[in-house]
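Student: this one's structure only:
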């Protein structure tokens with residue numbers, strides 16, 4: 001994770017983020033730690049500038065566009081054959097294409 005404020009085990013930085021106007025705290029941390037700002041115990045980063053958001057979300061969107069890994073339902077129970085649980089990639093694109101085409105065929109009937 002990128003640099004950021006130290007959090008407590010299990011709860012991370014929740015006690016440090018105010019309920020009202022949390023963006024002010026994020027802006028303060030951005031000035032203190034730089035961009036991107038990592039948060040402990042939470043797989044999220046706070047991006048303090050538009051350029052950082054552009055670099056991570058537009059230029060490298062294939063890295064960040066997938067779903068969270070669902071081990072029990074997606075991998076153990078269904079052996080990665082349930083379309084809704086598939087990570088983004090070639091198998092998911094094939095599943096989406098099949099379901100989309102099936103839907104079009106049912107609309108024509």
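Tutor: Received it, and whenever you're ready, just let me know what you need. Please read these numbers as outputs of a predicted model, since none were measured by experiment.
Student: Helices along this structure, start to end?
Tutor: 22-33, 50-53, 61-64, 90-108 (DSSP state H).
Student: for the second one, packing partners?
Tutor: Think helix 50-53. Here helix 50-53 touches no other helix or strand, going by 3 or more C-beta pairs under 8 Å, 6 or more residues apart in numbering; DSSP states H and E. Every C-beta, even on glycine, is put in place using the N, C-alpha and C of the backbone.
Student: any idea of the mean pLDDT for that helix?
Tutor: Mean pLDDT, computed over helix 50-53, is 82.
Student: what do you get for the longest one?
Tutor: Averaged across helix 90-108, the pLDDT comes to 75.
Student: where does residue 5 sit relative to residue 72, distance-wise?
Tutor: From residue 5 across to residue 72, the span is 32 Å (C-beta to C-beta, to the nearest Å).
Student: neighbour-wise, which of those two wins?
Tutor: Taking neighbours as other C-beta atoms under 10 Å, residue 5 and residue 72 compare with residue 5 leading, 17 against 9.
Student: show me the contacts for the residue nearest to the spatial centre of the chain.
Tutor: In the chain, the centroid-proximal residue (C-alpha atoms, centre = their mean) is residue 64; its distance is 5.9 Å. Applying C-beta atoms under 8 Å, 6 or more residues apart in numbering, one finds that residue 64 lies in contact with 56, 57.
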